[in-house]
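A.B. asks: please work out how this folds:
(2 chains)
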Amino acid sequence: GAVVSQHPSRVICKSGTSVKIECRSLDFQATTMFWYRQFPKQSLMLMATSNEGSKATYEQGVEKDKFLINHASLTLSTLTVTSAHPEDSSFYICSARRGSELMNTEAFFGQGTRLTVV
Amino acid sequence: AQSVAQPEDQVNVAEGNPLTVKCTYSVSGNPYLFWYVQYPNRGLQFLLKYITGDNLVKGSYGFEAEFNKSQTSFHLKKPSALVSDSALYFCAVRDKVTGGGNKLTFGTGTQLKVEL
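C.D. replies: Predicted coordinates for the structure are as follows:
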């Protein structure tokens, strides 16, 4: 099966610092990866779509200068939360799809990263 | 725009009884429909999907879902619930229309609690 690995699973950082979260597709190539944010007892909110070799597409209301996304290879996308503040504390989840947009494949999700900014 | 509604925040069922978790959707074209399950502090696990063909879709762990186009529904079902099925369940939709169809839209989630 398709495996998506997300690292770290849990991170605590000080306010004002930056945190990088990695998302890797372990056994398939993912031209597109997605980054979500999930608040307690709420659904997943899509933050951005990460395309290999090009700029990410951000959803409305998501600050692209704060949430930096890099998709440097077909198996790795990173999300960097810059100058983190306590309100950035959340559960961040990545997902990746095999194949192209026209294929009816499901998305596979990483384990999630619990970010706590103190 | 595409959207998903899960009308129940929580569903309680006794172990051994059948369970249903409801989902309705709205898309401009034809839908791709998915169910995912999430355990505490974990990512989402894929359960099943409807793309085309048979309206009754069978998935992992004994779950199934029925696509009903006239009612725009995709309810998740299992004939006999287990305590280990207790988790948060998400329904998701993706529009088949090219160009706008790459994004998954999730429902708000339904917490399933199976008790002895």
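
A.B. asks: from here on, just use CA atoms for contacts and neighbour counts.
C.D. replies: Noted.

A.B. asks: any stretches of chain B with poor pLDDT?
C.D. replies: For chain B, the stretches flagged by pLDDT under 70 are B:96-102.

A.B. asks: the strands in it, which residues?
C.D. replies: Along chain B, the segments classed as strands by DSSP state E run B:3-5, B:10-14, B:19-21, B:24-26, B:31-38, B:44-50, B:56-58, B:64-68, B:73-78, B:87-95, B:105-106, B:110-115.

A.B. asks: need these in a markdown table (columns: distance to A:Ser15).
C.D. replies: Below are the strands of chain B laid out as a markdown table (distance: least, Cα to Cα, whole Å):
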| stretch | distance to A:Ser15 |
| --- | --- |
| strand B:3-5 | 35 |
| strand B:10-14 | 35 |
| strand B:19-21 | 40 |
| strand B:24-26 | 40 |
| strand B:31-38 | 29 |
| strand B:44-50 | 29 |
| strand B:56-58 | 46 |
| strand B:64-68 | 45 |
| strand B:73-78 | 42 |
| strand B:87-95 | 31 |
| strand B:105-106 | 31 |
| strand B:110-115 | 33 |
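
A.B. asks: where does A:Gly61 land in three-state SS?
C.D. replies: Put simply, A:Gly61 is coil when judged by DSSP: H, G, I helix; E, B strand; the rest coil.

A.B. asks: next, count neighbours for it.
C.D. replies: The number of residues packed near A:Gly61 is 7, by other Cα atoms under 10 Å in any protein chain shown.

A.B. asks: what of A:Glu63?
C.D. replies: 12.

A.B. asks: same check on A:Val62?
C.D. replies: By the criterion of other Cα under 10 Å, A:Val62 has 12 neighbours.

A.B. asks: in contact with the residue nearest to it when sequence neighbours are not counted, which residues?
C.D. replies: Leaving out its chain neighbours, the residue that sits closest to A:Val62 by Cα to Cα, 6 or more residues apart in numbering or on different chains is A:Met47, at 6.2 Å. Contacts for A:Met47 (Cα atoms under 8 Å, 6 or more residues apart in numbering or on different chains) come out as A:Phe34, A:Trp35, A:Tyr36, A:Arg37, A:Tyr58, A:Glu59, A:Val62.
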